[in-house]
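Trainee: Compute the structure for the input listed below.
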Amino acid sequence: MEPFSSKSLALQAEKKLLSKMAGRSVAHLFIDETSSEVLDELYRVSKEYTQSRPQAQRVIKDLVKVAVKVAVLHRSGCFGPGELDLAARFRQKLRQGAMTALSFSEVDFTFEAAVLANLLTECRDMLLELVENHLTPKSHGRIRHVFDHFADRSLLTALYGPDFSQHLGKICDGLRKLLDEGKL
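Mentor: Model (predicted):
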């Protein structure tokens, strides 16, 4: 006989419902104002870089879905002690990436695409390890899609180039605010 768990069933339903609702407009309900501004700017960068509105929408939608699902897992207490340690290391690595991105934008001639790409790849691998036993292979694919998209060295080089300076400024302003508020 199969064990029944209403908590597990409720968690599955919540993840499924939230994944269906994770569009850009609904993201504002689950994500604070500063984060949504950063996401909107990342969307604009992706759209301009790829010259594809659907591709940019897909990557941001995947990012929102993953963020919401990980938040639901964390809030529901699904992570064990080892996973909580990994989550803390992931958060620290993400913070390091944000501070590196800010430093590259503030100090002329310091930008290195390989450094940011490697930080994003490390974040991807840590997140995949964290959710390995909690999310489906489809969600794992979303994680890879998001991190691989933003770790693309050509995209990063374009972002730090003159054509995207306005976008980079807004992204860095948002990252700075998130860091100052302790949200990142």
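Trainee: Return the set of buried residues in stretch 76-89.
Mentor: Along stretch 76-89, the positions that meet the burial threshold by neighbour count (16 or more other C-beta atoms under 10 Å) are 78-79, 83, 86-87. Where you see a C-beta, it was placed from the backbone N, CA and C, and this is true even at glycine.
Trainee: And these, which is closest to residue 32?
Mentor: Looking at the buried residues of stretch 76-89 and their distance to residue 32, the nearest is residue 87, at 19.0 Å (C-beta to C-beta).
Trainee: Residue 65 versus the closest one, what's the distance?
Mentor: Residue 87 sits 18 Å away from residue 65 when distances are taken as C-beta to C-beta, to the nearest Å.
Trainee: Out of the buried residues of stretch 76-89, which one has the weakest pLDDT?
Mentor: In terms of pLDDT, the least confident member of the buried residues of stretch 76-89 is residue 78, at 87.
Trainee: Among the buried residues of stretch 76-89, which are located in strands?
Mentor: With strands defined by DSSP state E, no entry of the buried residues of stretch 76-89 lies inside them.
Trainee: I'd like those laid out as JSON lines, including distance to residue 139.
Mentor: Shown next, in JSON lines, are those (distance: C-beta to C-beta, whole Å):
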{"residue": "78", "distance to residue 139": "13"}
{"residue": "79", "distance to residue 139": "15"}
{"residue": "83", "distance to residue 139": "16"}
{"residue": "86", "distance to residue 139": "17"}
{"residue": "87", "distance to residue 139": "16"}
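Trainee: Let me know the closest of those to residue 50.
Mentor: Distances from residue 50 to those, taken by C-beta to C-beta, are shortest for residue 87, at 30.6 Å.
Trainee: Could you check how far residue 83 is from residue 147?
Mentor: Residue 83 is 19 Å from residue 147, where distance means C-beta to C-beta.
Trainee: Residue 118: neighbour count?
Mentor: Here the number of neighbours of residue 118 (other C-beta atoms under 10 Å) works out to 15.
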